[in-house]
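Asker: Below are the sequence and a predicted model; questions follow.
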Amino acid sequence: MTYLYETVPVLPEDEIAHYEIEQNVNDLPLTQHPETGEIIRRVILGGWGMSSGKANSPCCGPNGCC
């Protein structure tokens, strides 16, 4: 699965860089870029407010719906 990550700025003037990183769905989020060592955080996209019929299903969770 491809996840979007961004650098964590140290100073207010630091630019935020974005990276797409391939990971297994069971892997923990990265805290450092594997090649540069920069401090990064996973960006959460989409989410729970979706209006599909499955969004209100009792079996929906962070790994998707049944």
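Answerer: Sure, I can see it.

Asker: Show me the strands in this structure, by range?
Answerer: Counting by DSSP state E, one finds strands in the chain at the ranges 2-7, 18-22, 40-42.

Asker: Deepest-packed of those strands, please.
Answerer: By mean neighbour count, with neighbours taken as mean count of other CB atoms under 10 Å, strand 40-42 ranks first of the strands of the chain at a mean of 16. Backbone N, C-alpha and C define where each C-beta goes, glycine included.

Asker: how about JSON lines for the strands of the chain, with distance to residue 33 and mean pLDDT added?
Answerer: Converted to JSON lines, the strands of the chain look like this (distance: least, CB to CB, whole Å; pLDDT from 0 to 100):
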{"stretch": "strand 2-7", "distance to residue 33": "7", "mean pLDDT": "96"}
{"stretch": "strand 18-22", "distance to residue 33": "7", "mean pLDDT": "96"}
{"stretch": "strand 40-42", "distance to residue 33": "5", "mean pLDDT": "98"}
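
Asker: Among the ones you listed, which comes closest to residue 28?
Answerer: Across the strands of the chain, residue 28 has its closest neighbour in strand 40-42 (9.5 Å, CB to CB).

Asker: residue contacts, the residue lying closest to residue 17 once chain neighbours are set aside?
Answerer: Of all residues not flanking residue 17 in the chain, residue 7 sits nearest, at 4.7 Å (CB to CB, 6 or more residues apart in numbering). Shown in contact with residue 7 (CB atoms under 8 Å, 6 or more residues apart in numbering): 14, 16, 17, 33, 38, 39, 40.

Asker: Could you pull up the contacting residues of the third one?
Answerer: When the contact criterion is CB under 8 Å, 6+ apart, the partners of residue 17 are 6, 7, 38.

Asker: Neighbours of residue 13, how many?
Answerer: Look at residue 13: counted by other CB atoms under 10 Å, it has 6 neighbours.

Asker: Show me where the protein dips below the pLDDT cut-off.
Answerer: Low-confidence regions of the chain, defined by pLDDT under 70, span residues 47-66.

Asker: Repeat the analysis, applying 50 as the threshold.
Answerer: Segments of the chain classed as low confidence (criterion: pLDDT under 50) are 53-55, 57.

Asker: residue ranges of the helices in it, please?
Answerer: Taking DSSP state H as the criterion, the chain carries no helices.
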